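Enquirer: got a predicted structure here, sequence first:
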Amino acid sequence: MTGSLIPTPPRRRLPAGASDCHMHAYGDAATYPPATASPFRPVPGGDIESYRRVQAILGLERAVVVQPSVYGFDNRATLDAMAALGPDAARGVAVVPPDVDDAELERLTALGVRGIRFFMLGSGVLGWDALEPLAARVAAFGWHVQLQMDGRDIAETAPRLARLPGRLVIDHNGKFLAPVPPDHPGVRAIEGLIAAGRTWVKVSGVYETSREGFPRYGDVAALARRFIAAAPERCLFATNWPHPTKPNELPDDGHLVDLFAEWCGSDETIRRIVVDNPAEVYGFPPA
């Protein structure tokens, strides 16, 4: 733990072209006003220039900027952060309303958006009723569905998710809000979705729900290890910077990079997860 948004340098250097597949960017409230209904607030210090420092320390060259819940359907902070990083180094995951028109989807696609975010933990602006209609709309533009929900409920939802068109990306090892054993029905459901060939899982955010905690987050890390061992070609790496759910217990991203490298066990697996898989899912150019 550092107590700072700026990490310590990891012992393990990531390969060229390494991608952070889930981070957020915030800005001044006068420019990017928070949605009035959101229980979240913008993260102080969570601006794109601070993130550039994080990238340099961690050895990350590319980023997927994910729309924060605090901004609702206003994607400007996300799009501005993507523009600051550059077209070859940034992709985005946006939140759009159910009545979005094709012209807006075309505009966002041209700017680098490649996914739509569904945050099903009580503060997202899109609910389950919008999932299938919007998944069908955005799949036509090459977008995937990025889903965050309590993994303890995913077994009963998996048949519905398997029927979605296009790709599915599941956040944070399934985001089980209480640690579960690696053979939990929700874990097996995620593995079933992965085996079908159109689902990826982010082996990230172990600090968010771990009861074991620092330094190894072993209860949740066991899920990351399991997914990596079973299907490294369907895993993605992410920091979740600037850690909006843990403002008073900030993890050390350098330490998390080293844990991730340990879970992978080989340079080949690390490269597959941080370079090759993001290029496939988000359309980054060859490293």
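Expert: That came through fine.

Enquirer: tell me the pLDDT of residue 37.
Expert: Predicted confidence (pLDDT) for residue 37: 80.

Enquirer: who are the neighbours in contact with residue 278?
Expert: Going by Cβ atoms under 8 Å, 6 or more residues apart in numbering, residue 278 touches 19, 21, 62, 64, 236, 284. To be clear about C-beta, it is placed using only N, CA and C from the backbone, and glycine gets the same treatment.

Enquirer: now with 7 Å, please.
Expert: The neighbourhood of residue 278, defined by Cβ atoms under 7 Å, 6 or more residues apart in numbering, consists of 19, 21, 62, 236, 284.

Enquirer: and it, that one's in a strand?
Expert: No - assigned with DSSP: H, G, I helix; E, B strand; the rest coil, residue 278 falls outside any strand and is helix.

Enquirer: not counting residues beside it along the chain, what's closest to it?
Expert: residue 19 (3.7 Å; Cβ to Cβ, 6 or more residues apart in numbering).

Enquirer: tell me the confidence at the residue of the chain most remote from its centre?
Expert: Most distant from the centre of the chain: residue 30, at 26.5 Å, with distances by Cα atoms, centre = their mean. If you check residue 30, the pLDDT there is 95.

Enquirer: state the phi and psi torsions of it.
Expert: Torsion angles at residue 30 (phi, psi; degrees, to the nearest 10) stand at phi -70, psi -30.

Enquirer: so it versus residue 80, what's the distance?
Expert: 14 Å (Cβ to Cβ, to the nearest Å).

Enquirer: hang on, the earlier thing: for residue 73, state which of the contacts of residue 278 is nearest.
Expert: Using Cβ to Cβ, residue 21 comes nearest to residue 73 of these, at 22.3 Å.

Enquirer: show me the contacts for the closest one.
Expert: 64, 202, 236-238, 278.

Enquirer: residue contacts, the closest residue to residue 124 other than its chain neighbours?
Expert: Closest residue to residue 124 apart from its sequence neighbours, by Cβ to Cβ, 6+ apart: residue 69 at 6.0 Å. Contact analysis of residue 69 by Cβ under 7 Å, 6+ apart lists 38, 40, 119, 123-124.

Enquirer: just give me the neighbour total for residue 16.
Expert: 10 (other Cβ atoms under 10 Å).

Enquirer: name the nearest residue to it, sequence neighbours excluded.
Expert: residue 287 (5.3 Å).

Enquirer: hmm, who's touching stretch 223-241?
Expert: So stretch 223-241 is contacted by 20-23, 51, 54, 169, 173-174, 182, 187, 191, 194, 199-206, 253, 256, 260, 263-264, 269, 272-274, 277-278, 281 (Cβ under 7 Å, 6+ apart).

Enquirer: ok, of those residues, which come out buried?
Expert: 20-23, 51, 54, 169, 173-174, 187, 191, 194, 199-206, 253, 256, 260, 263-264, 269, 272-274, 277-278, 281 (16 or more other Cβ atoms under 10 Å).

Enquirer: in helices only, show me these.
Expert: Among the buried ones among the contacts of stretch 223-241, DSSP state H puts 51, 54, 187, 191, 194, 206, 253, 256, 260, 263-264, 269, 277-278, 281 in helices.

Enquirer: hmm, which two among the residues you listed are most spread apart?
Expert: The most widely separated members of those, counting by Cβ to Cβ, are 51 and 191 (32.1 Å).

Enquirer: could you export the longest strand seen in the chain as PDB, CA atoms only?
Expert: Counting by DSSP state E, the longest strand found in the chain is strand 113-119. The C-alpha coordinates for strand 113-119 follow below in PDB (Å, rounded to 0.1, in the frame of the first residue of the first chain):
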ATOM      1  CA  VAL A 113     -14.500   3.900 -28.400                       C
ATOM      2  CA  ARG A 114     -14.700   0.100 -28.600                       C
ATOM      3  CA  GLY A 115     -17.100  -0.900 -25.800                       C
ATOM      4  CA  ILE A 116     -20.200   0.000 -23.800                       C
ATOM      5  CA  ARG A 117     -20.100  -0.100 -20.000                       C
ATOM      6  CA  PHE A 118     -22.800  -1.800 -18.000                       C
ATOM      7  CA  PHE A 119     -22.200  -1.200 -14.200                       C
END
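
Enquirer: many thanks, have a good one.
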